[in-house]
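Peer 1: Just a sequence and a predicted model for now, questions to come.
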Amino acid sequence: MVCLGNICRSPLAHGIMEKLAADNHLDWTIDSAGTGNWHIGQGPDKRSVRTAFEHGIDISDQICRLFRISDFDDYDVIYVMDKNNLRDVLSLARNNADAAKVKLLLDNKEVPDPYHDDTQFEPVFNMVEQGCQAIINKHLKR
């Protein structure tokens with residue numbers, strides 16, 4: 001799960017997907033990262049932590065990190081939150097196989113960054129949860 005700073009959207013997606021995977025007995029490795037380096041080593045934004053907690057998900061132990069090229073080797077799919085993240089991650093792809101792993105979480109729709117608007121954390125949580133649930137549903141139908 002990748003967003004800009006790895007403090008708002010991608011930690012929510014990371015926590016939501018971990019919970020949904022566990023609830024469905026899926027042994028998936030899930031992580032999150034950012035394309036910008038401003039918050040490396042910090043925890044998620046307190047508003048994301050609070051919003052997740054209100055939904056029974058604890059993301060407080062996550063540590064923000066920068067997306068790295070080795071993530072293409074470590075993960076089967078890399079979900080990004082918006083088209084800027086998509087562009088930034090694709091620019092690091094070494095080949096077509098790397099690029100094929102990168103997808104928008106919500107298909108052709110972007111997850112807006114709630115950082116500058118406290119009222120957007122709950123709607124963003126709901127969008128991310130729907131996207132994660134759609135991924136789980138698609139996997140379970142295989």
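Peer 2: Perfect, thanks for sending it. Numbers count the residues shown, from 1 in each chain.

Peer 1: tell me the helices in the chain, going along the chain?
Peer 2: Along the chain, the stretches classed as helices by DSSP state H are 9-23, 46-54, 71-74, 83-90, 96-100, 121-140.

Peer 1: could I get the fourth one in PDB with only the CA atoms?
Peer 2: What it means is helix 83-90. Taking Å, rounded to 0.1, in the frame of the first residue of the first chain, the C-alpha atoms of helix 83-90 are listed here in PDB:
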ATOM      1  CA  LYS A  83      -2.200   8.800 -10.000                       C
ATOM      2  CA  ASN A  84       0.800  10.800  -8.600                       C
ATOM      3  CA  ASN A  85       1.800   7.800  -6.500                       C
ATOM      4  CA  LEU A  86       1.200   5.600  -9.500                       C
ATOM      5  CA  ARG A  87       3.500   7.700 -11.700                       C
ATOM      6  CA  ASP A  88       6.200   7.800  -8.900                       C
ATOM      7  CA  VAL A  89       6.200   4.100  -8.300                       C
ATOM      8  CA  LEU A  90       6.100   3.200 -12.000                       C
END
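
Peer 1: Next, the angle from it to helix 9-23.
Peer 2: Angle of helix 83-90 versus helix 9-23, following axes from the mean of the first three to the mean of the last three CA atoms, to 10 degrees, is 80 degrees.

Peer 1: buried stuff in helix 83-90?
Peer 2: 85, 86, 88, 89 (16 or more other CB atoms under 10 Å). Every C-beta, even on glycine, is put in place using the N, C-alpha and C of the backbone.
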